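Undergrad: can't give you the sequence, but here's the structure:
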């Protein structure tokens, strides 16, 4: 991995070194302009992804529940979904988020180049089904070597104009290697790290608007009401919204069950 910052083309300077996968010495560098922090030349990725989901990702289930509750409010209240939209969870892993969002009543589909669809077989996204209103990418950005290419490819694949995603942000100077759990050097899968300014720069480069609240980040061609976004992703509304939305849209749990029985029969 050579050259400047993949987000803004700024100069990258060495930040620190750390041991990855318990045996590789890796250099990390940061962009002085936008703050993008990355592992330089992550040659260990094939080994790191011998399993698509790292065994150390013990937060996978709790994270999917929490994000699904926030997304219900974001899609219904902030983006105006009323049961007509189609959605894609890109890099959707085992399909847990897609299943939860379908249970809430949203017409969600799954795609992942590197992981098996365990929980939502039959709901793989196909471009011929038509464009999506929005695409989600939960805990994906920290795995990317080129965030700009990922955003462009994902929006093109889905036909969406809005990308909703999560990734932990840092502010100020890059945290010391022993001071931030999110580096997860032992798995070798997290290789890119962002500041709020990095994502604002990414949005500007791609002609999109950037919004962020309570761990939910949005890149969109439309301007999002950030005040409303803070409310719907907040602790109390995100607990109530899924119940309201499920009643308003109608859960797809049983209709999906009947559809799968028809396909089996």
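TA: Looks like it came in fine. Please read these numbers as outputs of a predicted model, since none were measured by experiment.

Undergrad: Can you show me the strands along the stretch 51-200 of the chain?
TA: Taking DSSP state E, counting those that start in this stretch, the strands of the stretch 51-200 of the chain run over residues 86-90, 107-111, 134-138, 162-166, 192-193.

Undergrad: Show the secondary-structure elements that the fourth one is packed against.
TA: Taking 3 or more CB pairs under 8 Å, 6 or more residues apart in numbering; DSSP states H and E as the contact definition, the neighbouring helices and strands of strand 162-166 are helix 60-73, strand 134-138, helix 147-158, strand 216-220. Backbone N, C-alpha and C define where each C-beta goes, glycine included.

Undergrad: Next, the angle helix 147-158 makes with it.
TA: 130 degrees (axes from the mean of the first three to the mean of the last three CA atoms, to 10 degrees).

Undergrad: what pairs with strand 162-166, and is each one parallel or antiparallel?
TA: Partners of strand 162-166 in the sheet, by DSSP bridges, are strand 134-138 (parallel), strand 216-220 (antiparallel).

Undergrad: that older thread, go through the helices and strands packed on strand 162-166 and find the least confident stretch.
TA: Lowest mean pLDDT of the helices and strands packed on strand 162-166: helix 60-73, a mean of 93.

Undergrad: Which positions in the helix or strand hosting residue 254 come out as buried?
TA: Per DSSP states H and E, residue 254 falls inside helix 253-264. By neighbour count on 16 or more other CB atoms under 10 Å, the buried set for helix 253-264 is residue 256.

Undergrad: Now do it: everything it contacts.
TA: 102-103, 121-123 (CB atoms under 8 Å, 6 or more residues apart in numbering).

Undergrad: Who wins on neighbours among these?
TA: residue 102 (23 neighbours; other CB atoms under 10 Å).

Undergrad: What does the residue lying closest to that one once chain neighbours are set aside show for phi and psi?
TA: Spatially, and ignoring its direct neighbours in sequence, residue 102 is nearest to residue 252 (4.3 Å; CB to CB, 6 or more residues apart in numbering). Backbone torsions for residue 252, taken as degrees, to the nearest 10, come to phi -100, psi 10.

Undergrad: just use 36 as the starting number from now, easier for me
TA: Shifting the count to begin at 36 puts that one at residue 287.

Undergrad: can you count the residues close to residue 287?
TA: Around residue 287 there are 20 residues (other CB under 10 Å).

Undergrad: on that earlier part again, now do the helix holding residue 289: distance to the chain's middle.
TA: 28 Å (CA atoms, centre = their mean, to the nearest Å).
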